[in-house]
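J.: Everything below, folded, please.
(one chain, ligands or ions: 2)
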Amino acid sequence: MTQFIYSFEEGNADQNALLGGKGANLAEMTNLGLPVPPGFTITTESCIRFLNEPYFFESHLKTGILEAVDQLEKKTQKYFSGNDQALLLVSVRSGAKFSMPGMMDTILNLGLNDLRTQTLAQATNLDFAYNCYRRLMQMFADVVYGIPKEDFDQLLLFFEKNAGKSVKDFTLEEHQALIDQYKQLYYEHHQTFPQSPKEQLFTAIKAVFRSWNNPRAQVYRELNQIPDDLGTAVNVQAMVFGNSDQQSGTGVVFTRNPANGQKGLFGEFLLQAQGEDVVAGIRTPEPIQALEEKMPQAYADFLSYAQKLEEHYKDMQDIEFTIEKGKLYILQTRNGKRTAKAALKIALDLVEEGIISQNTALLRIQPAAINQLIHPVFDEEQLQTASVLAQGLPASPGAATGQIVFSAKEAKRLHEAGIKVILVRHETSPEDIEGMIVSQAIVTSHGGMTSHAAVVARGMGTCCVAGCEALRIDEEAKTLQCGEIILGQGDILSVDGSTGLIYLGQLSTVLVENDQELEQLLTWADQAAQLKVRANAETISDLQTAIQFGVQGIGLARTEHMFFGQERIIEMRRLILAENPLEVKAALKKLLEFQSQDFYQMFQTVGQLPMIIRLLDPPMHEFLPKEEQEIQFLAQTLQKNPVKLTHQIKQLQESNPMLGHRGCRLGITQPDVYKMQVEAIFSSAIRLQQEGLTIRPEIMIPLIAEKAELTYIKDYLVNFIDQLFTKYQIQPFPYDIGTMIELPRACLIADQLAQDADFFSFGTNDLTQMTYGFSRDDIGKFIPSYTDKNILAVDPFQSVDRQGVGILMSLAVQKARQIKPDLTIGICGEVGGDPDSIPFFQEIGVNYVSCSPYRVPAARLAVAQANLLKQEETK
Ligand code: PEP
Ligand code: MG
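T.: Ligands and ions are numbered 1, 2, ... in the order given. Take a look at the predicted model:
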């Protein structure tokens, strides 16, 4: 028969799904021999059945609860009914598997009624007894009937004012009159306060069960992705009173500092108080160290229990205790919440103290916490009172404050004047790059996690919130509207790229310093990992950042970014708009010079690390001007007729550029461009070789859908490279030509492509776009609605879609490896840096993930965790 009720002696810490976190820990502590007031736990399963089955409580729980209360009476030698013996009072608390602040939580002092309160008053004193009774009535009203607690507080104040004295000095009659008014408040809400302790207990248990489904709890679960069918357990425990006398008190203590991780007790206590007095902040608690002087024995006991608990749970503990008449009781322990900085320090210290292994330390830290360690974050205190303007996608972590600007040009101008700016745009384009570089943060109202703004910002490590559809941006009028609020250029915003929240006004940022500790953890991570981590980077500063973050190579250097500098874009435009071979040749010559310089510096920067350089990918029109004024200027520079030029530009526009003349299609229609790029790569490699550095170029062809595309391009490149070896009079050296796998068809014919490719790299941005048929630049318009309506759990551009895109990827890996078992396969789309996706990538058998430089540290940890969890699974 299913057991629905467990005494604390019967459970243990592993049963947190059944007994809830709190119940499981109370049981564990009881069995460890700690002084825990006795009690019992009603299981989470009972909660779900109670919520779904009428009469379940009456048929399956009631008798068991009464028996458990009997046991409790025996253990405590106190009594839950009657009023002529020692009184057993209990607390009733919820406790789910995961701690859930949204739930109705606690009722204390259950078991008091009019008569029993008088008994208690005789055994202790009037003030204490009625204080307990009032608290019970107030909490019971709140948890069971939703009557606001404040209404009771006001009654109390009113009574004190009328009597002209503090409640502490009330006579019996005055206390009773106040209780009558409390009852009256119940009546006003068409309720009564039950006088029978058992009825109080039954009602309270049912209310806690029901609180599983209250709106706050539901919102919390949704936010934290906690399943709805777990249910909450209920803990019923004998009360001990921290408010009994001067030798009583209560406190909350962490075994290490939760802000910075320093070893040593950190917390506070209040004498003559009950738990919520500490939280309520009416009286100022004292630091725990002060207890040593006031109650040396209780302090010494606490110290030894705290150490025992930390050693037992092998982690920093957050402990609640109560002292009743000099005797210490432990009421709760759990792994303490902590900042990212503290998490790191505590994990490393516990390894050093021999309490946990390196691998356990690696599993203790959330990859997301790493982002807090390498990016600034807003000051916690200021955040409490900050006013949120809107929320978009957390596209690139970090926190920044600055003046709003609506154009890249303005951003640059103000930056040069020493002003910090936040660039706010509908969406960004490659032309905005200079403004983006100088901005503290970038905000867009359109576009998703792989939009231009998001990708570029992540690459640069600039904080970015993308796709914030609540913002109505008028770039012409330079205004930004959100609901009733209208802001203009120069107004201050604060942007949190880790949460997607945008705040009004200025907030201070802090940067956590812990380079060495992080380095230590990530060195262990590299040892524990199977997958390697590379970076997507091409500018010198991004490459340097990536190397500083410990990458094992560059998985994707996008070459198109190299064409957007002022001098370069002109030559690119000259090439695209050329009308005769001479013009083509002149433009290519210039571009070759630029690219050779670039590659030389890039190879020099990465040294011996492998670097995959991708040949030109975007649609041509992205390089062309759109504004009339710019077209006029271009016509002048290229000495062309503006009308003809406008016509030419129009002709180059495409209906669906993402599906159009881009990627390898350019390499087929205009081989000269790819040849120019390859010459730039090889001439740089040769130059460096002469300087003593051996380079093995890795060249990647984008957007292959058909084997013949790859064969055609590879053939002419191989021929061309042979010519280059001759031209530069150099002994041929090895190089690799690989392909991106970013179209569904490429996955399906991966075996054919593997015949010609030296390596594969999954471009999951395009692969997701093409598999779903969702434009990666427009998803901001509808993905929030999809996730809100539970049509999609997460944005598939953020976290890999295992069931669709993932199947294609897995198929591609299998097919390719049938042809070349050792083929190196990587992932260079944005999901490559997503810790939630990384275990899947390990599962399908890729060799590495590649992501923006600032995502590298978290990815290094995530690949280690993926491997450790896999090893645990297969044990
Ligand atoms: C991809 O498609 O995943 C990719 C890495 O290429 P890009 O984002 O440059 O299209
Ligand atoms: Mg792509």
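J.: okay, and the helix or strand of this structure with the least pLDDT?
T.: Lowest by mean pLDDT, DSSP states H and E among the helices and strands of the chain is helix 275-280, with a mean of 62.
J.: phi, psi of the residue of the stretch 151-300 of the chain found nearest ligand 1?
T.: Across the stretch 151-300 of the chain, no residue is closer to ligand 1 than residue 225, which sits at 25.7 Å (Cβ to the nearest ligand atom). All C-beta spots, glycine's among them, are computed from the backbone N, C-alpha and C. Here is the backbone geometry of residue 225 (degrees, to the nearest 10): phi 50, psi 50.
J.: Repeat that for residue 363.
T.: phi -80, psi -20.
J.: I'd guessed it sits against residue 862; true?
T.: No: using Cβ atoms under 8 Å as the test, residue 363 is too far from residue 862 to be in contact (11.1 Å).
J.: For ligand 2, give me its nearest residue in the stretch 51-200 of the chain.
T.: Scanning the stretch 51-200 of the chain for the residue nearest ligand 2 gives residue 98, at 38.1 Å (criterion: Cβ to the ion).
J.: give me the element that residue is part of.
T.: Residue 98 belongs to no helix or strand when elements are defined using DSSP states H and E.
J.: Just want to check the distance between the nearest residue to it once chain neighbours are set aside and residue 218.
T.: Of all residues not flanking residue 98 in the chain, residue 226 sits nearest, at 5.4 Å (Cβ to Cβ, 6 or more residues apart in numbering). Residue 226 sits 10 Å away from residue 218, going by Cβ to Cβ, to the nearest Å.
J.: Spell out which parts of this structure neighbour ligand 2.
T.: The chain has residues 742, 763, 766 near ligand 2, with proximity defined as Cβ under 5 Å from the ion.
J.: Strands of the stretch 251-400 of the chain, start to end?
T.: Applying DSSP state E, counting those that start in this stretch to the stretch 251-400 of the chain gives strands spanning 263-271, 286-287, 317-324, 327-335, 377-378, 388-391, 393-396, 399-405.
J.: Need those strands in TSV (columns: mean pLDDT, distance to residue 32 and mean neighbour count).
T.: Below are the strands of the stretch 251-400 of the chain laid out as TSV (pLDDT from 0 to 100; distance: least, Cβ to Cβ, whole Å; neighbours: other Cβ atoms under 10 Å):
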stretch	mean pLDDT	distance to residue 32	mean neighbour count
strand 263-271	90	19	19
strand 286-287	88	26	14
strand 317-324	93	12	23
strand 327-335	92	10	21
strand 377-378	87	37	22
strand 388-391	95	44	18
strand 393-396	84	41	28
strand 399-405	95	42	22
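J.: which stretch among these comes nearest residue 601?
T.: The minimum distance between residue 601 and the strands of the stretch 251-400 of the chain falls on strand 393-396, with 24.8 Å, by Cβ to Cβ.
J.: Now do that closest one: which elements does it pack against?
T.: helix 452-460, strand 463-466 (3 or more Cβ pairs under 8 Å, 6 or more residues apart in numbering; DSSP states H and E).
J.: quick one: average confidence on the shortest one?
T.: Across strand 463-466, the average pLDDT comes to 92.
J.: Each with direction, which strands does it pair with?
T.: Strand 463-466 has its sheet partners listed here by DSSP bridges as strand 393-396 (antiparallel), strand 441-444 (parallel).
J.: Any idea which residue is closest to the centre of this structure?
T.: For the chain, the residue whose C-alpha lies nearest the mean C-alpha position (Cα atoms, centre = their mean) is residue 368; its distance is 5.1 Å.
J.: contacting residues around that residue?
T.: By Cβ atoms under 8 Å, 6 or more residues apart in numbering, the contact list for residue 368 reads 498, 835, 858.
J.: So among these, which ones count as buried?
T.: Buried members of these, scored by 16 or more other Cβ atoms under 10 Å, are 498, 835, 858.
J.: any chance of the strands of the stretch 251-400 of the chain in a markdown table, plus distance to residue 783?
T.: Converted to a markdown table, the strands of the stretch 251-400 of the chain look like this (distance: least, Cβ to Cβ, whole Å):
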| stretch | distance to residue 783 |
| --- | --- |
| strand 263-271 | 42 |
| strand 286-287 | 48 |
| strand 317-324 | 37 |
| strand 327-335 | 34 |
| strand 377-378 | 26 |
| strand 388-391 | 14 |
| strand 393-396 | 8 |
| strand 399-405 | 24 |
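J.: Which is the succeeding secondary structure element to the biggest helix by length in the chain?
T.: Ranked by residue count and defined by DSSP state H, the top helix of the chain is helix 581-606. Remark: after helix 581-606, the chain's next helix or strand is strand 611-614, criterion DSSP H and E.
J.: Pairing partners for that next one, with directions?
T.: For strand 611-614, the pairing partners within the sheet under DSSP bridges are strand 554-558 (parallel), strand 698-701 (parallel).
J.: CSV for those, including mean neighbour count and mean pLDDT?
T.: Compiled in CSV, the strands paired with strand 611-614 are given as follows (neighbours: other Cβ atoms under 10 Å; pLDDT from 0 to 100):
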stretch, mean neighbour count, mean pLDDT
strand 554-558, 25, 97
strand 698-701, 24, 98
